[in-house]
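# could you work out the structure for the sequence below:
(one chain, ligands or ions: 1)
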Amino acid sequence: MFSSTTFSVPTRRKNEMIDITGAVFDIVRQRGIKSGICTVFVPHTTAAVTINENADPDVPRDILVAFERIVPRDGDYAHSEGNSPAHLKALLTGSSVTVAVEAGRIQLGTWQGIFLCEFDGPRNRQVRVSVLCESAASS
Ligand code: ZN
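You can find the predicted model right below:
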């Protein structure tokens, strides 16, 4: 069975990492999915999705600070929209992650969370959660 759901995330800052683990977990639980493969995808070119530590808020803070060093705001950019740094950060981060679902739960590590990464906010972003599974019971 294939199940797909999209939800919106309003971002508030130019650069921001928003923990969406709970929202993804809720979708899997509400669909009654016991086991399968879950993909979290963002259909954007200046936002991304990643898995990293969500226990210490300094970790996403440090990642965003490092991105400012890695991707300079002023560079040899031709893109007329003026947001090439955001495109580059999205390129480095990626537009999807895949996690296993077992025993009705997303199998993340103890310190892992799923983050929507905003690099050109504030905007309203879409997150698509797709699950491929053997069977699902409605709740
Ligand atoms: Zn652009």
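
# for R105, list each beta-bridge partner.
When assigned by DSSP bridges, R105 has beta-bridge partners E102.

# and if you look at L116?
Residues in beta-bridge contact with L116 (DSSP bridges): I18, V49.

# equivalent analysis for T6, please.
In beta-bridge terms (that is, DSSP bridges), T6 pairs with R128.

# how much space is there between it and P60?
T6 sits 23 Å away from P60, taking C-beta to C-beta, to the nearest Å as the criterion. Every C-beta, even on glycine, is put in place using the N, C-alpha and C of the backbone.

# and the longest helix along the chain, what's its mean pLDDT?
For the chain, the longest helix by residue count, based on DSSP state H, is helix 58-70. The average of the pLDDT scores along helix 58-70 is 97.

# now do whatever helix or strand comes next after that helix against helix 58-70, angle only.
Counting by DSSP states H and E, the next helix or strand C-terminal to helix 58-70 is helix 84-93. With axes from the mean of the first three to the mean of the last three C-alpha atoms, to 10 degrees applied, the angle from helix 84-93 to helix 58-70 works out at 120 degrees.

# so which bits of this structure are right by the ion?
81, 83 (C-beta under 5 Å from the ion).

# phi, psi of the residue of the chain found nearest the ion?
Relative to the ion, the nearest point of the chain is E81 (3.6 Å; C-beta to the ion). Backbone torsions of E81, given as degrees, to the nearest 10, read phi -70, psi -20.

# can you count the residues close to it?
Residues lying near E81 (other C-beta atoms under 10 Å) number 10.

# so V129 touches C38, yeah?
Yes. V129 sits in contact with C38 when judged by C-beta atoms under 8 Å, with a separation of 6.6 Å.

# what touches both of those two?
Taking C-beta atoms under 8 Å, 6 or more residues apart in numbering as the contact rule, the neighbours common to V129 and C38 are 24, 28.

# any idea how far the most centrally placed residue in the chain is from S96?
The chain has V49 as the residue nearest its centroid, 2.6 Å off, counting by C-alpha atoms, centre = their mean. Separation of V49 from S96 (C-beta to C-beta): 6 Å.

# one more: V24?
To S96, V24 is 12 Å away according to C-beta to C-beta.
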